[in-house]
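Participant: give me the fold of what follows.
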Amino acid sequence: MSTDEQPKDMDTLPMIEIADPYRGKGTVYIHGASDSFNPTGGVVPPISLATTFIQSTPGEPTSRDDPNSFEKGYEYSRTGNPTRGSFERAVAAAEGAKHCIAFASGSAGTSAVIHLLEHGDGVLCIDDVYGGTQRYFRRIVTDRMGISFDFVDFRDEKLVREKLRSRKIKLIWLETPTNPTLKITDIESVAKMASEYGCMLAVDNTFCSPYFQNPLQHGANVV
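Facilitator: Residues are numbered from 1 along each chain as shown. Here you go, the predicted structure:
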């Protein structure tokens, strides 16, 4: 999951310079963030299997200067790992994002975004959303978290605006192309409406991948 919003404590972090005219898409996808910062010099970033890391003093993590630790250092692999950090920075580069958070599954990433909401908030979701996503929304989030959902065809702008005006919508959940009917939605158009009504826009980019589509460049907040 990548986002265009950068936390305040990450303002000074070294990020990927994707605007470099000498680094095309292929170079960014292959090398990501690893080529300039890998201390071993290995072409492929090494896989770290460590679960715990040495602390110089109690409570003082190791390697705060490693960009893959995001200035947090390493103490336990659950909170930070060089391999995962490298992967996250590479995906952020591919998506044209400021940063990325890796999850064990797409469902876990979906859940994390939903947890940004509060009881009583509303979500406007595309009607042809992936089956696992819509079941999670309908059967779990609605009943247990008190978050409401409206499923609409985003090609009908009049209906979309009607829902945005009538409900306490805090999140727009878009999937384009959709799974399984490959319905296409204009991300930029929806992003403008999201901004107009003060909503966050999340786009599931599974089918296209960053190679063919970069939702953040069209105004999405999370992909």
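Participant: list the buried residues for the longest helix seen in the chain?
Facilitator: Secondary structure of the chain per DSSP state H: the longest helix is helix 82-95. Judged by neighbour count using 16 or more other C-beta atoms under 10 Å, the buried positions of helix 82-95 are 82-83, 85-95. Yep, even glycine has a C-beta here, placed from its N, CA and C like the rest.
Participant: isn't Asn221 right up against Ser195?
Facilitator: No - counting by C-beta atoms under 8 Å, Asn221 does not reach Ser195; the two are 9.4 Å apart.
Participant: the two: which has the busier surroundings?
Facilitator: Neighbours were counted for Asn221 and for Ser195 using other C-beta atoms under 10 Å; Asn221 has more, 20 against 13.
Participant: show me where the chain has helices.
Facilitator: Counting by DSSP H, the helices of the chain are 25-31, 34-37, 82-95, 106-114, 131-135, 142-145, 157-166, 187-196, 209-212.
Participant: so which elements touch the longest one?
Facilitator: Other elements packing on helix 82-95 under the criterion 3 or more C-beta pairs under 8 Å, 6 or more residues apart in numbering; DSSP states H and E are strand 2-3, helix 25-31, helix 34-37, strand 99-100, helix 209-212.
Participant: redo that, cut-off 6 Å
Facilitator: Applying 3 or more C-beta pairs under 6 Å, 6 or more residues apart in numbering; DSSP states H and E, one finds that helix 82-95 makes contact with strand 99-100.
Participant: any idea of the mean pLDDT for the strand it packs on?
Facilitator: Averaging pLDDT along strand 99-100 yields 90.
Participant: who touches it?
Facilitator: With contact meaning C-beta atoms under 6 Å, 6 or more residues apart in numbering, strand 99-100 is reached by Ser2, Glu88, Val91, Ala92.
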